[in-house]
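Asker: coords please:
(chains A, B, C, D, E and F)
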6 protein chains.
Amino acid sequence: MMMGDRDDAAAKANILVEALPYILEFRGKVVVVKYGGAAMTDPKLADSFAEDVVLMRSVGMQPVVVHGGGPQITELMRRLGKEPEFIDGLRVTDAETVDIARMALVGKVNREIVASINRHGPVAVGLSGEDAGLLTVRQRDPRLGFVGDVERVDASVLERILREDLIPVVATVGADESGQAYNVNADTVAGAIAAALAAEKLVYLTDVEGIYEDFDDKGTLLSQVDAARLEAMVDSGSMSEGMIPKVRSSIDAVRAGVARAHILDGQIPHVLLLEFFTREGIGTMVVP
Amino acid sequence: MMMGDRDDAAAKANILVEALPYILEFRGKVVVVKYGGAAMTDPKLADSFAEDVVLMRSVGMQPVVVHGGGPQITELMRRLGKEPEFIDGLRVTDAETVDIARMALVGKVNREIVASINRHGPVAVGLSGEDAGLLTVRQRDPRLGFVGDVERVDASVLERILREDLIPVVATVGADESGQAYNVNADTVAGAIAAALAAEKLVYLTDVEGIYEDFDDKGTLLSQVDAARLEAMVDSGSMSEGMIPKVRSSIDAVRAGVARAHILDGQIPHVLLLEFFTREGIGTMVVP
Amino acid sequence: MMMGDRDDAAAKANILVEALPYILEFRGKVVVVKYGGAAMTDPKLADSFAEDVVLMRSVGMQPVVVHGGGPQITELMRRLGKEPEFIDGLRVTDAETVDIARMALVGKVNREIVASINRHGPVAVGLSGEDAGLLTVRQRDPRLGFVGDVERVDASVLERILREDLIPVVATVGADESGQAYNVNADTVAGAIAAALAAEKLVYLTDVEGIYEDFDDKGTLLSQVDAARLEAMVDSGSMSEGMIPKVRSSIDAVRAGVARAHILDGQIPHVLLLEFFTREGIGTMVVP
Amino acid sequence: MMMGDRDDAAAKANILVEALPYILEFRGKVVVVKYGGAAMTDPKLADSFAEDVVLMRSVGMQPVVVHGGGPQITELMRRLGKEPEFIDGLRVTDAETVDIARMALVGKVNREIVASINRHGPVAVGLSGEDAGLLTVRQRDPRLGFVGDVERVDASVLERILREDLIPVVATVGADESGQAYNVNADTVAGAIAAALAAEKLVYLTDVEGIYEDFDDKGTLLSQVDAARLEAMVDSGSMSEGMIPKVRSSIDAVRAGVARAHILDGQIPHVLLLEFFTREGIGTMVVP
Amino acid sequence: MMMGDRDDAAAKANILVEALPYILEFRGKVVVVKYGGAAMTDPKLADSFAEDVVLMRSVGMQPVVVHGGGPQITELMRRLGKEPEFIDGLRVTDAETVDIARMALVGKVNREIVASINRHGPVAVGLSGEDAGLLTVRQRDPRLGFVGDVERVDASVLERILREDLIPVVATVGADESGQAYNVNADTVAGAIAAALAAEKLVYLTDVEGIYEDFDDKGTLLSQVDAARLEAMVDSGSMSEGMIPKVRSSIDAVRAGVARAHILDGQIPHVLLLEFFTREGIGTMVVP
Amino acid sequence: MMMGDRDDAAAKANILVEALPYILEFRGKVVVVKYGGAAMTDPKLADSFAEDVVLMRSVGMQPVVVHGGGPQITELMRRLGKEPEFIDGLRVTDAETVDIARMALVGKVNREIVASINRHGPVAVGLSGEDAGLLTVRQRDPRLGFVGDVERVDASVLERILREDLIPVVATVGADESGQAYNVNADTVAGAIAAALAAEKLVYLTDVEGIYEDFDDKGTLLSQVDAARLEAMVDSGSMSEGMIPKVRSSIDAVRAGVARAHILDGQIPHVLLLEFFTREGIGTMVVP
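Answerer: Numbers count the residues shown, from 1 in each chain, chains lettered A, B, ... in the order given. All right, here's what the predicted structure looks like:
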């Protein structure tokens, strides 16, 4: 072993000494990851994400992937000659649209995530909120049609799939009591599932570094923030529109028993491994 | 209790005395049902089918539902402005087509079957052959594009889901070693899955009564036939085109250890219950 | 399948659709059946009873059969040259009589029931209250000799036998603390055992349709009655002598946690199957 | 502690040091005891026997008691005015006689043994060969009527009862395929049950010391003998009539896998404890 | 069997009838034995002790042996040229002394006890209080150096070893939070371990008969005494110096949930068997 | 996250991606480490070794530590005024010497290793080959006295301790059939234990880089070598004296079923982690 090798070895050893205790700490723990943004659209990042969840599971963690797919719904609607319409940023979803949404989410986006993970090991199983009563929803607003709010999560199907050492990948379509399908906000579903599973962590992969104290000053990234302060920030209006559902769901989740919620930058390759197995915090951690 | 009641009671009692031993016999047994035809398109029959599989499971059987959806693929292709093309009756499937097929099968047909079953109890979980390495396929013919033949079935994901008392509903999309999706014939997949699970029974729901000795004479329905004779009938050409994949898969399945294969008329309401829990045979039973 | 067959099939299917949910509901539930009357003495009814309990067990229920045998005791006494004597309808039971009673109940009646059940499957095991401390009794009245009242039921031997998937058939002989044998009323024992096992149901097979509101008017059969009203009826004296121990035991049992007690007409073949697996009520159901 | 106490203590200690290893050796082992003779008729010996089997079970052994009761059958027949008749020493058993035998064996002798054991702990359960298909027999000789030879032993009911830490006490009534009851020789049944259970030991309690080399010379007691030599002795006619079924069954049992058979003198109080837990052999031990 | 044999047999039978119920009573129970005195130094007594603990384990008890070894420490110190020094009867223990103590206790005394037990069966495993965090101690007095008082017992390593059917033999060396070794009083450790294991019994093997009411009158041996009275006796000063730690630890142990503590004369061969498996009490029993 | 942070993060991520699959691969696998040389005598290396074995166990591996302690024996002998004597490099071991060896190995070296590991988590348990029959030895040569060769390894005590998630630390003292203690070569014991446990790996921590093709040329380090070639090298005499027992034991171990043996340089901090969890080989790996 050369001198340079020795330095290299010492560096590696230090990282391992740092990582191994986390592996023990997180064994058997459920981590719900809301997947989206560049981490989902950039093929290299998507592959690094897939590798991460397979590695997490291989050391005994229980990852659950939750995803939406607004752009893909819009694209399929357009291909089918239907122009999307929005009210207050929410898609007006008639019967034909929910059918299209389901095809896009369950039949395309979910399939691609499952396939991507399974290239690293045959462990991913695609699910939608309609499977085995996972997500029961109610209509949010008659003007929006089949846009649902989460009414009840029956996480038993997830628990059973996790018990079998598989990785559930959940497309956020839900059903009301009569079995009618609805489109549901994926950020909210991720939080509700994390709460229902009493997850150790809820992670949002986004395209920003985390939450800034001052939205306009990138130097004010918050590495840790508690639910009360976060709520005050949302109320004061100092939060971007797209961040709000993630932040509200994080607040709800940590209040409902999830130990930690994280807003991470999905543009960092292997950000999940770095967050879970190294000492330094990445992005913003929300605590109760 | 009136006299008429007494007769009625005696009739009921006889049916129960007849049915109960079958319940004992089939407890814990796996039954793979290839679902299709009128039983899938007629809403009332679809509902009676959904009720049957939930009841079968409630008395301890382990039903697995397998389905395709050629007409639905064709319909979505046309809506997207793409005209289906066939060679020897098989759909030419380019990259765009397999994407559409997946949306139709996984994102629409599978969803509707799952929703229909879950209206009778939250027990159905949708799967495709891509989940957890269920179906590995290879290309059949370069001219057909992404049309796959079953190369390997890894039924462990089904066994795990059955162990959790859920009903898997399998859309017949498979993947090759590289993770590329393929469309696969559902009749063949049903047989291969039955063999991989060492199922007690493989059932094809069709729109005919069963297999006729003489295809043109409805009076020649075969109630039982062995694999050798059936093979001779296929070879002699006395079999309708659509029946051949079912018959070939039945022959393969019983030779691979499945105890019985059945060709049943899905137009009879509750035909599954009648076949499993009453003495008289319905349709055609294939034995090794 | 002929037209008539189709109607027949539909009827069968309906009965199955009706029966299967009950099978799920009653799986693993304990049902204590007090066996007696014509159902015990008529060979055809005895055989239909035996078939019923074996079928109940085969679908996962846990039947327990309890029986007495007054006429058989009387007959054996007379063959041995001893004339039965009664005080207030209760047999005076000296040491010789209890020995004879035991031979008649355990050595004859119990054996015949066990043999009858075992002809449908080798699952019945005869027991008396003396086995493994099942029934501890105390003397009712010195004038009656060895006639016992139930003091304590130790149902653990029954639980152990049920756990082994066997059907216990209990002859109602008990023992006092010193091991001395006593004759005990079988109706009372059935109720006490049902309570000790926290049975789902307690069933009395009798030679009448059930309980009549007005004992003299067969049109006043009560299909359901609660414990309080039944108690009032007993107190008012509007109840036949032979029905009173059954009714009192039913009241005690439902008050002690048994969900339902039933007074059924054992002259209806397969009355147990009809009661358990069809929608219409038969006889009288006693609720708390 | 006085000097005399010390000697006494040393003696006690030696016996314990001797006994404890046997307890380890026999834990979990099945021992079939054919009970009869003075040990059954003398009340003090009967009580010491009952105590022994309860103590054996308390240290983890699994005793099974098998008994007949010829004298008791004869007595009940006479009380019922029926004179016993014998051909070659075997009782002619018509339908009425087998009914009487069953009442005597199951309804009287078995009950008394069960009661006697249960006075030391509520652990005995009475069984007959008819219970749960334990003994299937065939007719020995039409002239003898319902006298059966053992055709098949289904020991699963015994295994289940032993698994529940209970002591089965078996009356030797069997049934043929049609469910007809037969009287069977208890010595033979004991051997057949020991073989079916792959028992560690088969023990016959008799009224003699054991087997003598020379039947007329009490000084020739054999402490150990192998099956071949014993067979030669039987063939040479140098064996008392009553001993022959015991000896033949011992030979068959050790050849069928039972480790040891013992012919013991049931007139010695606690002879079972002495045989199992002390070093010196008692009576005659038969080895393969 | 001769007449004399019969008497002998009866005597043996009586001892067995007496012993067997204790075996049932103590199965699975933990017994902590503080080993020392003549029972440890006299080779014959040491062998009888080793045989006893192996026999106790063979009948399902869970013995734990605890020992010190003052004389052996002193001897090794002297061989290494170091003169022991005492303050108030406690050894002054500098860094070198604790090293020597550990070699004497763990490397010599413990090894000899383990070897002695293992000659009767390979079941003993030597431990010290440093293993797996068993004994955490704090310094008693700076003048004494590394003499520790028990601060915390983590008995899980003992429970795990007992679960594996092994006999732990504990040398009473402990460690403080920093891992520094200390010498600890063995009598006290035995009591603390008995309390931590919720032992059934705590036994001190000593060189006296037990506790005397009047220390000077050997006729006043107390066969049973409760904790309050014992405490009064200690407080009144009527107790030998060497007995006090045993007595204090007995009082603490029975108050902490140990059912019984015993002061026994280790000079009686097999005193443990006599105490556990015979009716008469030996030595002094301390009750709560 | 700064630019430099990003590079650092990428480096960390790569090491984690590299390490995690090994964690999965080695979970539940037994690794026997022969501990010695500088890694044992240098306090910093000893601490890094202790941390490594605790981390290995924390991610599910099952480390077993084996050690000797020649220098420590020599030192204690000298302190006790006894001059060591050697024949062919082996210590002449009379009765007093084996006693001293045991005190040094079990009472001192073993204690220090256990204490060192337990500072990172209370999981180490000290053992010697005398515990629970672990090492049975026979005398090598009468001239050497109590120097033993391994005759039989009974690894069940190690398996039981591993099953309890503890780390056994084994001092290489063994016993012959009579219980007499012997000193045994630690390199040989490590190999024999690895074989008996069917270990995944056997690791020797030494003070050299590994095995050199040419002993005098440090540039000829062999990174991998098979048993046959290694045997040839030993036979040809091109191996240092101290390496021979390690090499012979490695050859025996891989031939007896151990997957890999490793000769590693214990002077590299965390060499175990580097070997197990990074891609590059360190030292010399011996394959079958």
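Asker: distance between the helix or strand hosting A:L274 and the chain's centre?
Answerer: Using DSSP states H and E, A:L274 sits in helix A:271-277. Between the centre of helix A:271-277 and the centre of its chain there are 15 Å (C-alpha atoms, centre = their mean, to the nearest Å).
Asker: Quick one: residues in contact with that helix.
Answerer: For helix A:271-277, the external contacting residues (C-beta atoms under 8 Å, 6 or more residues apart in numbering or on different chains) are A:18-19, A:22-23, A:26, A:31, A:33, A:39, A:49, A:52-53, A:55-56, A:61, A:203, A:205, A:262, A:264-265, A:268, A:281-283, F:9, F:12-13, F:16-17, F:20. Quick note: C-beta positions are derived from backbone N, CA and C, even for glycine.
Asker: Now for chain A, the helix or strand with the poorest mean pLDDT.
Answerer: helix A:3-26 (a mean of 82; mean pLDDT, DSSP states H and E).
Asker: quick one, that helix and helix F:3-26 angle?
Answerer: With axes from the mean of the first three to the mean of the last three C-alpha atoms, to 10 degrees applied, the angle from helix A:3-26 to helix F:3-26 works out at 70 degrees.
Asker: Helix A:3-26 near chain F at all?
Answerer: Yes - Helix A:3-26 reaches chain F (C-beta under 8 Å from any C-beta of the partner chain) through A:6, A:9-13, A:15-17, A:19-21, A:23-24.
Asker: Would you mind writing the CA trace of that helix as PDB?
Answerer: The C-alpha trace of helix A:3-26 is given here as PDB (Å, rounded to 0.1, in the frame of the first residue of the first chain):
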ATOM      1  CA  MET A   3       1.600   6.400   1.100                       C
ATOM      2  CA  GLY A   4      -1.100   8.100  -1.100                       C
ATOM      3  CA  ASP A   5      -3.100   4.900  -0.800                       C
ATOM      4  CA  ARG A   6      -2.800   5.200   3.000                       C
ATOM      5  CA  ASP A   7      -4.300   8.700   3.000                       C
ATOM      6  CA  ASP A   8      -7.000   7.500   0.700                       C
ATOM      7  CA  ALA A   9      -7.600   4.500   3.000                       C
ATOM      8  CA  ALA A  10      -7.800   6.700   6.100                       C
ATOM      9  CA  ALA A  11     -10.400   8.900   4.300                       C
ATOM     10  CA  LYS A  12     -12.400   5.900   3.300                       C
ATOM     11  CA  ALA A  13     -12.200   4.400   6.800                       C
ATOM     12  CA  ASN A  14     -13.400   7.700   8.300                       C
ATOM     13  CA  ILE A  15     -16.400   7.800   6.100                       C
ATOM     14  CA  LEU A  16     -17.300   4.200   6.900                       C
ATOM     15  CA  VAL A  17     -16.800   4.800  10.700                       C
ATOM     16  CA  GLU A  18     -19.200   7.700  10.300                       C
ATOM     17  CA  ALA A  19     -21.800   5.800   8.200                       C
ATOM     18  CA  LEU A  20     -22.100   2.500  10.000                       C
ATOM     19  CA  PRO A  21     -23.800   3.700  13.100                       C
ATOM     20  CA  TYR A  22     -26.500   5.300  11.000                       C
ATOM     21  CA  ILE A  23     -27.100   2.000   9.300                       C
ATOM     22  CA  LEU A  24     -27.800   0.400  12.700                       C
ATOM     23  CA  GLU A  25     -29.900   3.400  13.700                       C
ATOM     24  CA  PHE A  26     -32.100   3.300  10.600                       C
END
